[in-house]
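Student: Fold the following and give me the result.
(2 chains)
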Protein chains: 2
Amino acid sequence: MDLPRPTDDGDGRTARKRRAIMQAATDVFLEHGYLGASMDEVATRAGVSKQTVYKQFHGKEHLFTEIILGTTTQVVGGFVRAFANTLDQATDIDEAFRDLSHRFLDNLMQPDVLRLRRLVVAEADRFPEISGAWFEGAFHRSLVLLGEAMARLADRGLLRELLDPTLAAYHFAGLVMYKPMNQVMFAGSRANPDTDELNLIADQAAAVFLAAYRR
Amino acid sequence: MDLPRPTDDGDGRTARKRRAIMQAATDVFLEHGYLGASMDEVATRAGVSKQTVYKQFHGKEHLFTEIILGTTTQVVGGFVRAFANTLDQATDIDEAFRDLSHRFLDNLMQPDVLRLRRLVVAEADRFPEISGAWFEGAFHRSLVLLGEAMARLADRGLLRELLDPTLAAYHFAGLVMYKPMNQVMFAGSRANPDTDELNLIADQAAAVFLAAYRR
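Tutor: Numbering: from 1, shown residues only, chains lettered A, B, ... in the order given. Predicted coordinates for the structure are as follows:
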């Protein structure tokens, strides 16, 4: 029998319940679409009362908004810090961009990230403000910041001068992500490319990017 | 008053009804998700009887399959012929790849194509066989064929030797499509980039691709 652990009280328990509700709600939204999702089912799957769901999230639209936008700042912060560090500390840019490709794949091919992505796409025309805010605040924002890190590499003479640093960042992301992300998004989560293929994709993307952008 | 035209009978009328049903069903699937979609609503929106829907498409799953897979061969055929011709007849590869970028954007940013794409993504985990067949038969197949056309350019000495022609084709597609497609898929159909931005994206993608792949 598991004894209650010290983290089981106060904020710890509330935070765990919130995570359980958000996980369950993501499942239910993905299975039934936003309109078909019921708060009863969310509560049942999360193992909490419906009252708890409403206390924590007020209602279905607020819960949906929290799922899409709740982790944006945190995700962007961590992801961007990691790749900005990689580039800012680079002395060997071949190695730095290979490293960056692998970080992109490791982060973006995670099941939770893919589920969030699928949910945003599925409901983007119903909630253009929410999905638009996610795109601007997380997706596009990350690439703007990556472009700024690339511009610093250009200032250090390691990349050619960038007329549009954000577009250069999208080029890098497109070279890395276009094949594996479409495969997974279209062919379903079971179609994840294997490790060898991902390694090849990462290394080739870095090589092609640098062939075009190296000083 | 419109008089009945010669095409209004026989196959013409049946084909128009099928198109109307498929259009209406795409709307209903996108609005309510697959599970929430009702055949009654499809029939009402298409302006036909429910009996006609069943006679033409048997049931909901068959209708969904037809929407996703029904136009695959036709789309791939037309799209691939266009870009294979562009590359096979190229003498100026800068011009040819700029032309190809614009063709990609013109074809793939069309509202109907975007709606189909959104529908496949939304339901990919529910129908991995259907969406997987679409990915293999349309998306991936187009890029395999584009890769073969690129390999012929390499044989003619206009591109460098390609170790993985399909990956080269994905690189090109990623350079062109990653920014505008994600913008539209995530931020909703109202976020379509304007013509000036699309022209810049197309030209830059071609330039970056050739910087890496030119012989």
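Student: quick one, what contacts the most centrally placed residue in chain A?
Tutor: By C-alpha atoms, centre = their mean, the mean C-alpha position of chain A lies nearest to residue A:113, the distance being 4.7 Å. Contacts for residue A:113 were tallied using C-beta atoms under 8 Å, 6 or more residues apart in numbering or on different chains; they are residue A:107. Any C-beta I mention is one placed from the backbone N, CA and C, and that applies to glycine too.
Student: quick one: it from residue A:173, how far?
Tutor: 14 Å (C-beta to C-beta, to the nearest Å).
Student: So the residue nearest to the centre of chain A versus residue A:177, what's the distance?
Tutor: Look at residue A:113 and residue A:177: by C-beta to C-beta, they are 11 Å apart.
Student: Nearest residue to the closest residue to chain B within chain A in space, please, no chain neighbours.
Tutor: Taking C-beta to the nearest C-beta as the measure, the point where chain A comes nearest chain B is residue A:33, at 2.6 Å. Among residues not flanking residue A:33 along the chain, residue B:33 sits closest, at 2.6 Å (C-beta to C-beta, 6 or more residues apart in numbering or on different chains).
Student: Confirm that neighbour sits in a helix?
Tutor: Yes. Inclusion of residue B:33 in a helix is indicated when DSSP: H, G, I helix; E, B strand; the rest coil is applied.
Student: Could you report the neighbour count for it?
Tutor: For residue B:33, the number of neighbouring residues by other C-beta atoms under 10 Å in any protein chain shown comes to 24.
Student: cool, and residue A:73?
Tutor: The tally of other residues near residue A:73 (other C-beta under 10 Å) stands at 12.
Student: follow-up on the earlier one: only the buried residues of the helix or strand encompassing the residue nearest to the centre of chain A, if you could.
Tutor: Following DSSP states H and E, one finds residue A:113 within helix A:111-123. By neighbour count on 16 or more other C-beta atoms under 10 Å in any protein chain shown, the buried set for helix A:111-123 is A:114, A:115, A:116, A:117, A:118, A:119, A:120, A:121, A:122, A:123.
Student: What pLDDT does the model give the residue nearest to the centre of chain A?
Tutor: The pLDDT attached to residue A:113 in the predicted structure is 83.
Student: quick one, what contacts residue A:205?
Tutor: Residue A:205 makes contact with A:101, A:172, A:175, A:176, B:171, according to C-beta under 8 Å, 6+ apart.
Student: number of nearby residues for residue A:43?
Tutor: By other C-beta under 10 Å, 20 other residues sit near residue A:43.
Student: Specify the local secondary structure of it.
Tutor: The assignment at residue A:43 comes out as helix when based on three-state DSSP.
Student: What residues does it make contact with?
Tutor: With C-beta under 8 Å, 6+ apart as the criterion, the residues that contact residue A:43 are A:21, A:24, A:49, A:50, A:52, A:53.
Student: Kindly recompute the last result at 6 Å.
Tutor: Residue A:43 is in contact with A:50, A:53, counting by C-beta atoms under 6 Å, 6 or more residues apart in numbering or on different chains.
Student: got it, and residue A:65?
Tutor: By C-beta under 6 Å, 6+ apart, residue A:65 lies in contact with residue A:130.
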